[in-house]
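> Provided below are the primary sequence and the corresponding predicted coordinates.
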Protein chains: 4
Amino acid sequence: MTGARQMLDTYPGDFGFDADALAECIAACLDCTQTCTACADACLAEERVAELRHCITLDLNCADVCAATGRVLSRQTAYDADMTRAVLEACATACKVCGDECSQHGEMGMEHCRVCAEACRRCERACRALLSASS
Amino acid sequence: MTGARQMLDTYPGDFGFDADALAECIAACLDCTQTCTACADACLAEERVAELRHCITLDLNCADVCAATGRVLSRQTAYDADMTRAVLEACATACKVCGDECSQHGEMGMEHCRVCAEACRRCERACRALLSASS
Amino acid sequence: MTGARQMLDTYPGDFGFDADALAECIAACLDCTQTCTACADACLAEERVAELRHCITLDLNCADVCAATGRVLSRQTAYDADMTRAVLEACATACKVCGDECSQHGEMGMEHCRVCAEACRRCERACRALLSASS
Amino acid sequence: MTGARQMLDTYPGDFGFDADALAECIAACLDCTQTCTACADACLAEERVAELRHCITLDLNCADVCAATGRVLSRQTAYDADMTRAVLEACATACKVCGDECSQHGEMGMEHCRVCAEACRRCERACRALLSASS
């Protein structure tokens, strides 16, 4: 059980989403934040760093968007549907763009990009699942 | 001249936006991040904190979204139009929702909410101006 | 295996810490960020929110410090020992202060505070373990 | 007048610092966050990016620490002196280390590093001023 799921079980109110889907999306946002931060750092350590500029920028941006999304989803008191949907849509897009870029480098042998692409895909799916459930 | 404008002048490349509009939006995001953080804190100090739960949550969320947007806009190397637009749209929505809520409390005499509503409006306008310019 | 551990295995260089201790500390920082964010939100939903002001502020602060620490630790390229130690010390202190406060509310029956106190203790221990190892 | 100063004037309570010194430190943290983020991005755009790895990592770390510090200082409700001092000390150290690195590149003609070093020095001074005032 993730920490996010455990915290939802202690929440003294109702929330706007199915608890399992919500917990999974929060956990995916956290994981994608860290993975993208580490992938940017690993790209920076590569000999061919100059060819990885696009990947580094997308990683840093995706980390920031996922971090904000994970925090917004962690706040269920006085939940606002419009704000939450807007943030989930931005996060799904950020993960799609970053996942596409990392996926290409992953296929060319960069392991950190391959793992990062997976984290982006998982986070994108979790955001889209919450969006579908809330429409 | 803001710090953001000064940094754009030192940038060793081209960027995807008009420099003045970009600098204004970055500065508005920074300002809105701090103002919303401080407004949540001031709401928490109010005697009638229980009636301000919605405002506190929206403030905290808006601060996180503006902070992420300010960072994404500060990264112009290997700029990605889709990711940037998605983030600007989320930020405009977050500022709209938070500004509407704060505006109501401001009209009822809460000064921190009145100042915060202005920061949200300014940031929303700056985001929409960049979105229009990039479409 | 945590995502942080998996990313360290793909890193194309050496890092300044034992990989297991580093991965554990990064994971503890992430978990504490989310748990503190969710605990502040749960406190805000409590009927007696006015008595939980101190807890809410400490939670929000601890979340921000843990988030920054998790990011700094995720960057091992051109690692700087002084900066890292300073951040780890701040994080250990923030987790100590927040854990002490949450622990008291946990003993009085607030489950979200009890779970949050545990996350703070774990993160404090992980930071101190890295500090000892690097001295 | 900065936005931070304006918000302090609306705060419905007392705070643990002189309002001018506090507002200046919050503004310096915000400015240093943005400047370091933009400096990392400008370094990434430089032809000789491989020689700027250390600067990029320090910039990114310093931005995260300053962002967390600016938020902690923006929360004066149920202020905790120990936590605040620990964060201010980490921020002063981060700004010192990053400022030293950027200063070197600035002297060799990199304008973004020169401007960034100034923002780091200003933020370091503001943190140390608050630390002195609160001891």
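Thanks, I have it. Everything numeric here is computed off the predicted structure, so don't read it as measured data.
> show me the shaky parts of chain A.
A:135 (pLDDT under 70).
> which strands and helices sit next to the host helix or strand of residue A:129?
Secondary structure from DSSP states H and E places residue A:129 in helix A:111-134. Other helices and strands packing on helix A:111-134, by 3 or more Cβ pairs under 8 Å, 6 or more residues apart in numbering or on different chains; DSSP states H and E, are helix A:19-45, helix A:53-73, helix A:81-107, helix C:3-9. All C-beta spots, glycine's among them, are computed from the backbone N, C-alpha and C.
> so which bits of chain A are right by chain D?
Where proximity means Cβ under 8 Å from any Cβ of the partner chain, the interface of chain A facing chain D comprises A:41, A:44, A:45, A:47, A:49, A:50, A:53, A:56, A:57, A:60.
> and the furthest pair within those residues?
In the residues of chain A next to chain D, two members sit farther apart than any others by Cβ to Cβ. They are A:47 and A:60, at 20.2 Å.
> hang on, the earlier thing: pull out the buried members of the residues of chain A next to chain D.
A:41, A:44, A:45, A:49, A:53, A:56, A:57, A:60 (16 or more other Cβ atoms under 10 Å in any protein chain shown).
> nearest residue to the last one in space, please, no chain neighbours.
Leaving out its chain neighbours, the residue that sits closest to residue A:60 by Cβ to Cβ, 6 or more residues apart in numbering or on different chains is residue A:40, at 5.2 Å.
> ditto for the fifth one
Excluding the flanking residues, the one nearest residue A:53 by Cβ to Cβ, 6+ apart is residue B:78, at 4.8 Å.
> assign that neighbour to helix, strand or coil.
Put simply, residue B:78 is coil when judged by DSSP: H, G, I helix; E, B strand; the rest coil.
> from residue B:40, how far off is the residue most central in space within chain A?
Residue closest to the mean C-alpha point of chain A, counted by Cα atoms, centre = their mean, is residue A:29 at 3.5 Å. Distance of residue A:29 to residue B:40, given as Cβ to Cβ, to the nearest Å: 21 Å.
> picking up where we left off before, and the residue nearest to residue A:53, what does it touch?
A:53, A:54, A:56, A:57, A:58, D:44 (Cβ atoms under 8 Å, 6 or more residues apart in numbering or on different chains).
> ok, so of these, who is nearest residue D:116?
Nearest member of these to residue D:116, counting by Cβ to Cβ, is residue D:44, at 13.4 Å.
> and that closest one, how far is that from residue C:9?
Taking Cβ to Cβ as the measure, residue D:44 and residue C:9 are separated by 25 Å.
> residue A:78 now?
42 Å.
> same deal with residue A:48?
Distance, residue A:48 to residue C:9, by Cβ to Cβ: 20 Å.
> those two: which has the busier surroundings?
The neighbour count for residue A:48 versus residue C:9, taken as other Cβ atoms under 10 Å in any protein chain shown, is higher for residue C:9 (12 against 9).
> which residues does the more buried one contact?
A:111, C:19.
> repeat that for 10 Å
A:111, A:112, A:115, C:1, C:19, C:23 (Cβ atoms under 10 Å, 6 or more residues apart in numbering or on different chains).
> how close does the second one sit to chain D?
Going from residue A:112 to chain D by Cβ to the nearest Cβ, to the nearest Å gives 16 Å.
> and if you look at the fourth one?
Counting by Cβ to the nearest Cβ, the separation of residue C:1 from chain D is 25 Å.
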